[in-house]
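1. Sequence and predicted model, in that order:
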Amino acid sequence: MTYKLLSTINSPADLRQLSAEQLLELKDELRDFIIDIVSTKEGHLGASLGVVELTIALHYVFHTPDDLLIWDVGHQAYGHKILTGRRELFETNRQLNGISGFPKRSESEYDTFGVGHSSTSISAALGMAIASKLLGKLNRQHIAVIGDASIASGMAFEGLNHAGVTKANLLVILNDNAIGIDPSVGALKNYLTKAKIGNKPKQDNIIEALNFSYEGPIDGHDLPKLIETLKRLQQQNGPRLLHVITKKGKGLPSAEQDQVTYHAPGKFNKQTGERYKSSQTDLPPKFQDVFGLTMLDLAKNNPKIVGVTPAMPTGSSLKYMMQAYPDRAFDVGIAEQHAVTLSAGMATQGFKVFCTIYSTFLQRAYDQVIHDVALQNLPVVFCIDRAGLVGRDGATHHGVFDLAYLNCIPNLVIASPRNGIELRQLLYTASQFNEHPIAIRYPRGQSFHKNWQVDFKTVPIGKAELLQSGQRFAVLSIGSIAQEVTHAFKLLPKEIKPAHYDFKFLKPLDSEVLDEIINQFEFVITVEDASIIGGLGDAVSSYFNQVEANTQLIKMGIPDQFIEHGSTQELFEVAGISAKAIAKQVLQL
């Protein structure tokens, strides 16, 4: 496919030379280009298709990069990347050593703030606006583009609240499409839904109450109207908010009709929009589905079981319980802090709450885990999805810090299953366990066993398991990285036979098994799909020091650096925790 106009745009300066008619042609070419590349390379689709006109209008009206443009989360920034000098590189999007799927400061001067988690744009843009005022750059514009799901988050409200008393030169653009990854929820969503194009909210306007000048709602796909409105707002001062109504997936009928699936659809036919099915049809379920379906089984037999997720019912598969028991399963929106303390509140009243949050997002609720759950020793179950290296979403989404940041918290039990069967049994065990809160971390992807729906049985808390006997060498793994250890052993000469222990609990640590290991083995290697600082390796090292063990310990884990994007297997190689790397370490010893 040829892109007559788009091929001439190497920066927004080129964009600003186009006529009004050419801009209308460009929007069609940009939308087609995004569909063309994402259909074969994969990535986030619907969000970027929905803001094509807005992206063009922003770079056409404002003098980026001198004017500072911040995209919230960044799922919607593909058009921005393509128009700011990365068109030829766009096919490397999310690939190893390619460009990032999210705005990234080190990648381009047009990416003014690194993002990946939601609701940071208003605070960041306000910080820039205050800095510009201090620097005397009074004409510089600061624009934050935020979605209706993200603006409902607490941090976004904190930014709005502060901005309203600063008189800062800040323009917030509310991209309202009624959906984040899943449909938006909450009272604010209902409020925004009442605001139609051309019909400003007349009563109790929440935005104006925060000292913002409110404009809209306007049609976010009407490019001339967007340009006209932005030019007018460009001449105004102080905090302003433009409410724009868009359609996620705009321009691809299948993406418009199934906005959840086409948020990130995988590979698809760019003409029809039909998603390509995997050639491997009889695969084990994903860990998230093992969680979701096990929750359904547990909830059937225990009316005290409740599920909570902050805006990830599909990604976590809590959707199964939400459909069957809508009164006992809650999507609370992008509000991780609220999700954790809400869970704590219900736990005080005797409910068994399973709070499912992606590992990288649980970081946002760290104080609540400590102050509201662990300090009060409430038996909340944290189901930590997307733990470890998650692949092409990259550094903002890898769940590699959870073992380290949880291990130092008193009262907290920390477990990590190596496969779907173990996850099922740990969830059952957690449903029966009321002495302490418990965190169960599991990765993205398939769970290794097709026949995982076994009868429930209780897992002994704090006990490791010997998976394979051996001599001289013992490899200790935690979680699903056990699969890499198993593959590593197949790469070794037959005369080398290490033992393999599954430490499914980081806390409490199985000191009895560690004592046996110290007495039997010359070398111990710990392997974890988590930060090498503060996880299993450090816990074992601390115990060895405590008992003055002479056993030589080698720790393998995520090095002390941020790992970028690529396939999970590629990143195992980069981090040095692949089967090849484990086998090499054994051979070196």
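-> Right, received. Where do you want to start? Numbering: from 1, shown residues only.
2. sec struct for the residue lying farthest from the centre of the chain, please.
-> Ranking residues of the chain by C-alpha distance from their mean position (Cα atoms, centre = their mean) puts Glu495 at the top, at 43.3 Å. Three-state assignment for Glu495 (DSSP: H, G, I helix; E, B strand; the rest coil): coil.
3. mind giving me the domain ranges of this protein?
-> Domains of the chain are assigned by automatic domain parsing as 17-262, 287-441, 465-588.
4. deepest of those, which one?
-> Of all these, domain 287-441 carries the top mean neighbour count, a mean of 22, counting by mean count of other Cβ atoms under 10 Å. C-beta: built from backbone N, CA, C; applies to glycine.
5. Distance from the chain centre to the longest strand along the chain, please.
-> The residue-count maximum for a strand in the chain (DSSP state E) belongs to strand 523-531. Centroid separation for strand 523-531 versus its chain: 24 Å, with Cα atoms, centre = their mean, to the nearest Å.
6. Also stretch 541-552?
-> Its chain's C-alpha centre lies 37 Å from the corresponding centre of stretch 541-552 when counted by Cα atoms, centre = their mean.
7. and if you look at stretch 62-78?
-> Averaging C-alpha positions (Cα atoms, centre = their mean) puts stretch 62-78 20 Å from its chain's average.
8. Dump it to CSV, restricted to CA.
-> Listed in CSV are the C-alpha atoms of stretch 62-78, where the atom choice follows Å, rounded to 0.1, in the frame of the first residue of the first chain:
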residue,chain,number,x,y,z
PHE,A,62,0.7,23.2,18.8
HIS,A,63,4.4,23.8,18.2
THR,A,64,5.6,20.4,19.4
PRO,A,65,8.2,19.6,20.7
ASP,A,66,8.5,23.2,22.1
ASP,A,67,5.0,22.8,23.4
LEU,A,68,4.9,19.8,25.6
LEU,A,69,2.4,17.0,24.9
ILE,A,70,1.9,14.1,27.3
TRP,A,71,-0.1,11.0,26.5
ASP,A,72,-1.7,9.2,29.5
VAL,A,73,-0.7,5.5,29.6
GLY,A,74,0.4,5.6,25.9
HIS,A,75,-1.7,2.9,24.4
GLN,A,76,-3.1,5.6,22.0
ALA,A,77,0.3,7.1,21.0
TYR,A,78,1.0,5.1,17.8
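9. what's the residue closest to the geometric middle of this protein?
-> Centroid-nearest residue in the chain, with Cα atoms, centre = their mean: His397, separated by 4.6 Å.
10. can you tell me which residues contact that residue?
-> Going by Cβ atoms under 8 Å, 6 or more residues apart in numbering, His397 touches 116, 358, 360, 386, 390.
11. Export those residues as JSON lines, with columns for distance to Lys189 and pLDDT.
-> As requested, those are exported to JSON lines (distance: Cβ to Cβ, whole Å; pLDDT from 0 to 100):
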{"residue": "Gly116", "distance to Lys189": "23", "pLDDT": "96"}
{"residue": "Tyr358", "distance to Lys189": "21", "pLDDT": "98"}
{"residue": "Thr360", "distance to Lys189": "24", "pLDDT": "98"}
{"residue": "Arg386", "distance to Lys189": "25", "pLDDT": "98"}
{"residue": "Val390", "distance to Lys189": "27", "pLDDT": "97"}
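12. which residues are in contact with the lowest-mean-pLDDT helix or strand in the chain?
-> With mean pLDDT, DSSP states H and E as the measure, the helix or strand of the chain carrying the lowest mean pLDDT is helix 187-193 (a mean of 82). With contacts defined as Cβ under 8 Å, 6+ apart, helix 187-193 is touched by 148-149, 151-152, 174, 176, 178, 201, 206, 243, 333.
13. can you pull the pLDDT of the residue nearest to Ala499 when sequence neighbours are not counted?
-> In space, and not counting its chain neighbours, Ala499 is closest to Gly470: 3.4 Å by Cβ to Cβ, 6 or more residues apart in numbering. In this model, Gly470 is scored at 97, pLDDT.
14. Tell me who's in contact with Gly470.
-> With Cβ under 8 Å, 6+ apart, Gly470 has these contacts: 497-500.
15. Quick check: it vs Leu492, distance?
-> 10 Å (Cβ to Cβ, to the nearest Å).
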